[in-house]
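Novice: task: produce atomic coordinates for the following.
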Amino acid sequence: MKNILLAFALTSVSLLAVAASKPDVAPIHDAAAHWVAQNALLFAKQNAAVRFELEDNLADKSKKPVPLILKASFTSDAFPHLKDFPAAAINLPADSIKNLLKGELVLKQYDKKGVLLAVSEVQTAGVIDELYTSGANDADEITDYGASVLADAVQFKVWAPTAKSVSVLVFDANKKPLNPARLTMLEDPATGAWVARGDKNLAAVYYQFEVTVYHPASKKIEVLRVSDPYSHSLSADGFYSQVIDLNDVKTQPEAWSRQAHPRVDAPEDNILYELHIRDFSASDKTIKNPDARGKYSAFLEKDSDGVKHLAELRAAGLNVIHLMPTFDFGTVNPDSEKAISLDDKLEKICRLDSKNPACAKNLNSEQTLRSLLARLNPHSGEAQAIIEALRTQDDYNWGYDPFHYTVPQSSYAINPEGAARIIEFRAMVAQLHNMGFKVIMDVVYNHTYAAGLKEKSVLDKIVPNYYHRLNPVTGAIEQSTCCDNTATEHAMMAKLMTDSLVVWARDYHINGFRFDLMGHQPKAVMLKARDAVRKIDPDTYFYGEGWNFGEVANNKRFVQSTQLELGGTEIGTYTDRLRDAVRGGSSMDSGKNLRINQGIGNGLFVVPNDVQPADNNKAKYLNYIDQIQVGLAGNLAQFPLKNTSGKDVIGSGVDYNGSPAGYAKDPADTINYVSKHDNQTLWDNNQYRIAYSVSAADRVRMQALSLAYPLLAQGVPFLHMGCEFLRSKSFLRDSYDYGDWFNAVDFSKQSNNYDVGLPPAEKDKDNWPLITDVLQKSAGRDHVTPAQISLSNAMFLDFIKIRSSSSLFRLRTADEIIKRVSFPNAGENHQAGLVVMKIDNSDLTIDSTIKQIVVVFNNGATQQTFSYKDAKQFKLHPVQVKGADTVVKTSKVSGKGFTVPAFTVAVFVR
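Specialist: Below is the predicted model:
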């Protein structure tokens, strides 16, 4: 391609002579040049610059520059983060621009003497979107990217508008090249899509794309072999895509077409249970097939403790299983010979990693890693050192590391190769559906595991610097999410996300999606994606993390999918307001703050621990009470409340660290929780904060008390698997890559995995002194028996039954909540230790059997009576009357009011 020089000048004077004599050597200064539209480029102008040239560094230098004029301004809602950049006009036909985009584009700035001041790499996503996706029938309308099995052929299609050439390489089941081994692809210049067709006998073959493209990581033309971003099936290692037809019965388990399809009447009827596939069964000794532990197939077991517990949850009313990432992720090797398990012998571990601390002990090489860890001193750092050293080689990760978005994860399959993992995944989904559960997937479209020229980079090898969000000045890929941030504000990344969601909903019958770091995605994109999925499944539910941070914070690049922006959409966001008020402090607490910052659920003000100030943090306590009451009312922005200062306010008028506590406009906007996979488990968090003198029995009750808040609140409750078993990760704050030892869940209810070793130093070394204090000063009161674990589970099930027993706990509109929910213990005369919620149904329109419900949360260490003139008209909820908790049964109603024991939630009905 011949070089084209585009000169931008402040006057129309010809600058050809100056250009011919200009200095031509300068380092790349930055990437602060943005080609945002066919006719406009925005850039960071050097003060002394008067002449500007755009050129392809890879082309020959024979083409003369074309003088252009700087624009006074450029207005577009699409690029608010570039609003302060000057604009320059470009006047080129579309075909010429498309050719330029296949090279290394730089903007050069010169002063009036012709001295080269700066060179900027040009960011091109804006103009790519305008050229290829702004029409009615172009790249983002194409519906058959990837490999398609047609009636008489197999078609391959990939979008790669900046590539110079693309081929398909085809392989047999052993990944050996077929003959012929290559199909040449042809580009449609209107869409940027490359297409090739082969014989029908290519169905089920493996393939890769060979892409010849300029890559900014190496600053040269690269010939790259890469898997398909639209892969629907993969080799075990993920480096080869496989041609597959997901409608073919050979890709489906038996009775796939006859599975149940559970539904709910409204989003508020969902009760979400967050489950990690490996955690579910890796430690379950009752799994009959040992190969199924930690796998999809574990859900097919009939008599395992885990499956029996799921049936118990469903019978109580829990109706949604939220699967933590189960798309193809890049951080666990599916080859069991190369991945280390707790049940592997030390011989294997030391063969794969001779430097592991376990190998320095001169121990019996035939013993398993699990048996070794069990014998170590749990108050030492020995276990964590061994686990830390195994992280890159073990068989564990949460999976927030997308390699391919639309294929099930390999390491959860007994056979991870090709269609086999698809069949195993589908069998799990069908089994959960047949048990009566909806199935929701945790999806991570906000980043990829790798980018650039790294081994597991996919998107960035096909259209470099397009699919990821770049720093507007340096051009580096932003990494505020943890990894390489994707740019769903770009049309084809948004399309990839939407198309992927449609596949999961249509071809795998996934009933909803939880979006990781959803605030990094545009609200408009989320709404459009939901519309697409609703065409397949009108009952789908979207929710996610609406946190506001990073390079997109405060709508800097687009209107985000954050808590405050999504109000009224019925896309749920996790509320940290209720969470922090119950747990205490924040998710960022460490060191002494983990003890100082008590919450309502672990004794703030009424059962103060040893480090509270003289007033026992009364002001914080009162603020938390207001936050909790707003939270119980669906976190509604407009919910009317008399705060603990005696003022009439609304939900948005209650303070949450300088932000409004209430932000929802509909109860389905709110996901209520006090524990999930992130941060310390509820049990561990409570042990940090509870007064050392509190008995084990009361600590169990405090756990149930905390869980009752999301379960009895308006909105959608979200529950962490194992919270009902007092689940512990031995204080580990972030267990994402720390194996089965710290992440174990015991469905036999014999252990809660507490105090199995100091948590890894990388995450928690600063907390070790406090952990040591907690373990010593609690004097065993922080340890529980199997009977106490069983009681905790029984109380948890009772709260689920209570929520499921009446639609009054699941009101569907803000107006109904405002009309019916109130807090008799609100205001300046608040009775310390009690949260009292009333739900009125005197008109019997919501539930024909109940006129009123009063819920009394006694967060204190003593029995309390709350004055209520009509208390004698109420009875303890029948679930609690028949339940396993003998303490709540001692709750009373009298002419004085409701009397409730310590650390108890009593539900009274009229």
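Novice: where does residue 407 fall, phi/psi-wise?
Specialist: Backbone torsions for residue 407, taken as degrees, to the nearest 10, come to phi -140, psi 140.
Novice: quick one: contacts for it?
Specialist: Neighbouring residues of residue 407 by Cβ atoms under 8 Å, 6 or more residues apart in numbering: 231, 232, 233, 234, 327, 328, 421, 422. From N, CA and C alone the C-beta is placed, and that goes for glycine too.
Novice: 10 Å instead, please
Specialist: Applying Cβ atoms under 10 Å, 6 or more residues apart in numbering to residue 407 gives the contacts 227-228, 231-234, 238, 241-242, 244, 327-328, 421-422, 425, 500, 503.
Novice: just give me the longest helix of this structure.
Specialist: If you go by DSSP state H, the chain has its longest helix at helix 786-805.
Novice: starting at the chain centroid, how far to that one?
Specialist: Remark: helix 786-805 is offset 28 Å from the chain centroid, using Cα atoms, centre = their mean, to the nearest Å.
Novice: quick check: mean pLDDT across that helix?
Specialist: Across helix 786-805, pLDDT averages out at 98.
Novice: helices or strands next to the helix or strand just after that helix in the packing?
Specialist: As assigned by DSSP states H and E, the chain's next helix or strand after helix 786-805 is helix 814-820. If you count contacts as 3 or more Cβ pairs under 10 Å, 6 or more residues apart in numbering; DSSP states H and E, helix 814-820 packs onto strand 834-840.
Novice: partner strands of the strand it packs on, parallel or antiparallel?
Specialist: Using DSSP bridges, strand 834-840 pairs in its sheet with strand 821-822 (antiparallel), strand 852-858 (antiparallel).
Novice: quick one: buried ones out of the contacts of residue 407?
Specialist: Neighbour counting by 16 or more other Cβ atoms under 10 Å classes 227-228, 231-234, 238, 241-242, 244, 327-328, 421-422, 425, 500, 503 among those as buried.
Novice: contacting residues for the most centrally placed residue in the chain?
Specialist: Compute the mean C-alpha point of the chain, and by Cα atoms, centre = their mean the closest residue is residue 516, 2.1 Å away. Contact analysis of residue 516 by Cβ under 10 Å, 6+ apart lists 324-325, 400, 402, 442-447, 481-482, 544-545.
Novice: next: residue 187.
Specialist: By Cβ under 10 Å, 6+ apart, the residues touching residue 187 are 98, 160, 161, 163, 164, 165, 166, 193, 194, 195.
Novice: and with 8 Å instead?
Specialist: 160, 163, 166, 193, 194.
Novice: ok, the last one to residue 463 distance?
Specialist: To residue 463, residue 194 is 11 Å away according to Cβ to Cβ, to the nearest Å.
Novice: which residues are common contacts for those two?
Specialist: Shared contacts of residue 194 and residue 463, counting by Cβ under 8 Å, 6+ apart, come down to 159, 160, 163.
Novice: please enumerate the helices of the stretch 651-800 of the chain.
Specialist: Assigned by DSSP state H, counting those that start in this stretch, the helices in the stretch 651-800 of the chain fall at 682-689, 696-712, 739-743, 761-764, 768-777, 786-805.
Novice: what does the longest helix of the chain contact?
Specialist: 271, 312-313, 316-318, 696-697, 700, 703-704, 707-708, 711-712, 717, 723-726, 749-752, 784, 809-810, 877, 879-880, 883-885, 905, 907.
Novice: pLDDT weak spots in the stretch 301-450 of the chain?
Specialist: The stretch 301-450 of the chain contains no residues with pLDDT under 70.
Novice: again, but for the stretch 701-850 of the chain
Specialist: Along the stretch 701-850 of the chain, the model assigns pLDDT under 70 to no residue.
Novice: same check on the stretch 101-250 of the chain?
Specialist: Of all residues in the stretch 101-250 of the chain, none has pLDDT under 70.
Novice: can you tell me the element residue 121 falls in?
Specialist: Using DSSP H and E, residue 121 sits within strand 116-123.
Novice: which helices and strands sit right next to that strand?
Specialist: Using 3 or more Cβ pairs under 8 Å, 6 or more residues apart in numbering; DSSP states H and E as the contact test, the elements touching strand 116-123 are strand 28-37, strand 105-110.
Novice: nearest to residue 138, out of those?
Specialist: Among the helices and strands packed on strand 116-123, strand 28-37 comes nearest to residue 138, with 15.7 Å by Cβ to Cβ.
Novice: average pLDDT for that closest one?
Specialist: The average pLDDT within strand 28-37 is 93.
Novice: quick one: strands adjacent to that strand?
Specialist: Strands adjacent to strand 28-37 in the sheet, as given by DSSP bridges, are strand 40-43 (antiparallel), strand 116-123 (parallel).
Novice: and for the first one, what's in contact with it?
Specialist: I take that to be strand 40-43. For strand 40-43, contacts defined as Cβ under 8 Å, 6+ apart pick out 32-36, 52, 54, 71, 74, 79, 82, 85-90, 107, 120, 122.
Novice: CA atoms of that strand as PDB?
Specialist: What follows is strand 40-43 as a C-alpha-only set of coordinates in PDB (Å, rounded to 0.1, in the frame of the first residue of the first chain):
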ATOM      1  CA  ALA A  40     -12.100  13.900  12.100                       C
ATOM      2  CA  LEU A  41      -9.000  13.200  14.100                       C
ATOM      3  CA  LEU A  42      -8.600  14.300  17.700                       C
ATOM      4  CA  PHE A  43      -5.200  14.700  19.300                       C
END
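Novice: show me what secondary structure element comes after that strand.
Specialist: Following strand 40-43 in sequence order, the next helix or strand is strand 51-56 (DSSP H and E).
Novice: report the buried residues of that following strand.
Specialist: Burial within strand 51-56, assessed by neighbour count using 16+ other Cβ under 10 Å, is assigned to 51, 52, 53, 54, 55, 56.
Novice: and that strand with strand 105-110, angle?
Specialist: Inter-element angle recorded for strand 51-56 and strand 105-110: 160 degrees (by axes from the mean of the first three to the mean of the last three Cα atoms, to 10 degrees).
Novice: which helices and strands does strand 51-56 pack with?
Specialist: For strand 51-56, the packing partners by 3+ Cβ pairs under 8 Å, 6+ apart come out as strand 5-9, helix 16-20, strand 105-110.
Novice: can you give me the strands for the stretch 101-250 of the chain?
Specialist: All strands of the stretch 101-250 of the chain, identified by DSSP state E, counting those that start in this stretch, fall at 105-110, 116-123, 146-149, 153-159, 163-171, 177-184, 186-188, 193-199, 206-215, 220-226, 241-242.
Novice: what does the stretch 551-700 of the chain give?
Specialist: Ranges of strands in the stretch 551-700 of the chain, per DSSP E, counting those that start in this stretch, are 572-574, 640-642, 648-650, 655-656, 659-660, 670-672.
Novice: now the ones you listed in JSON lines, with mean neighbour count and distance to residue 743?
Specialist: Below are the strands of the stretch 551-700 of the chain laid out as JSON lines (neighbours: other Cβ atoms under 10 Å; distance: least, Cβ to Cβ, whole Å):
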{"stretch": "strand 572-574", "mean neighbour count": "27", "distance to residue 743": "21"}
{"stretch": "strand 640-642", "mean neighbour count": "18", "distance to residue 743": "39"}
{"stretch": "strand 648-650", "mean neighbour count": "15", "distance to residue 743": "41"}
{"stretch": "strand 655-656", "mean neighbour count": "18", "distance to residue 743": "31"}
{"stretch": "strand 659-660", "mean neighbour count": "16", "distance to residue 743": "32"}
{"stretch": "strand 670-672", "mean neighbour count": "28", "distance to residue 743": "22"}
